[in-house]
Structure formats: C-alpha cells, structure tokens
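**Student:** I'd like to go over a predicted model; first the sequence, then the structure.
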Amino acid sequence: MRFTLIRILKHGLPAAAMLALIGFLMGELAGMFVAGNTRPRVGVDPDARAAAVEPDGRQVAQVLRIRLPILMAACGLSVVATFELLNWFWRGQAAPPKPTLAVPSERETEMLLNELLRRAEADRAAKAQAMIDTSMMTPPPVDLTHCDDAVELAAPCPESAATDNSPVPVPHDATAHRA
C-alpha cells in the first residue's frame, strides 16, 4: 500500500497543480463574465431590488476565483487516486520487482577479457602489417644532392646506390617533346 500512496502523490500532485492553474484561469474568465453581465431588472422597484437575493457580480466573481481552482484540484487528485487504487487492486498488492543485474561468474569474466585481449592484439598486428605493406609500395628516397648533374642521370650516383633494387624515376626533359 505504501508504494500505491507514493504513486498517488507522484502522479496526483502534478495533476492537481495543473488543474488548479487551469481552474484559476477559468475562475478569472467566469468572474469577468459574471461581473460584466449584472444588469438591473426591468419593472422592479429599486428598493425591492436592493433587498433581492441576487448577489452582486463582484461577489460572485470573488467566490468563483477561490472555489473553482480548489474544486478542480480536488477532483483531479481524486481521479488520480481512484485510478491508482484500481491499478493496485488489479495488479496486486506487491510492489513491482526491482530489476536485478546478472553478475557473470569469474570464469565468464576471464573468458570475455581474454577475447578482448585477443581482438586488441589482432588489431595491433593488422595495423603493423598495413604499415609494412604500405612502406614496401613506395620506393626509398634517393639523395642526389652530392651529384654534379642530377637531372641528366638515369640512375643515382654511385656513392648512394640503392641496395633494394627499387626503380628510380627518370626525369623528363621538357624540350625533347616539343620537336
């Protein structure tokens, strides 16, 4: 029952507050309407009219501004309480079970950690292999700064001969193709 009372408070108080606000606005509108529509009766003696039971429009507006928000909040809270109690009777008196987290055993935890380590090592090995593969595709740079006529040579100078037999780019002469 304690859980049901908590649910009634949790859902009923915001509903009551919202309905009280709406009731206040409706009370203001009704008060303006009643206060603006008071007119004297035709054919009635003015002395008798003062003693009439009909109240003044401003008094009615003041009563509406007070009673309407309270009445709407009380009705909203009672509706929420009714439906929460019906829910309590329908589902039973016990609170819903708290969700429990399944704790894996030590062996399962160790297996998961080993699998993660294997994946991390495989990723690291794949990245290292990719670095090796890409470094083999590009030829090593040739240092031609110490040669006298580096532009006309088809191969590097004898002092800096490449040992891996990689191809060396041959520079093109722009004037040879114009003829």
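**Tutor:** Done, it's in. Numbering: from 1, shown residues only.
**Student:** Sketch out the helices for this protein, chain order is fine.
**Tutor:** Applying DSSP state H to the chain gives helices spanning 2-36, 46-50, 57-91, 106-137.
**Student:** Take those helices and lay them out in CSV including mean pLDDT and distance to residue 97.
**Tutor:** C-beta: built from backbone N, CA, C; applies to glycine. Converted to CSV, the helices of the chain look like this (pLDDT from 0 to 100; distance: least, Cβ to Cβ, whole Å):
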stretch, mean pLDDT, distance to residue 97
helix 2-36, 88, 12
helix 46-50, 57, 70
helix 57-91, 88, 12
helix 106-137, 86, 24
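**Student:** closest one to residue 98 among the ones you listed?
**Tutor:** The closest of the helices of the chain to residue 98 is helix 2-36. By Cβ to Cβ, the value is 11.5 Å.
**Student:** residues of the closest one that come out buried?
**Tutor:** In terms of neighbour count (16 or more other Cβ atoms under 10 Å), helix 2-36 has its buried residues at 4, 7-8, 12, 15-16, 19-20, 23-24, 26-27, 30-31, 34-35.
**Student:** what is the orientation angle of that helix with helix 57-91?
**Tutor:** On the basis of axes from the mean of the first three to the mean of the last three Cα atoms, to 10 degrees, helix 2-36 is oriented at 160 degrees to helix 57-91.
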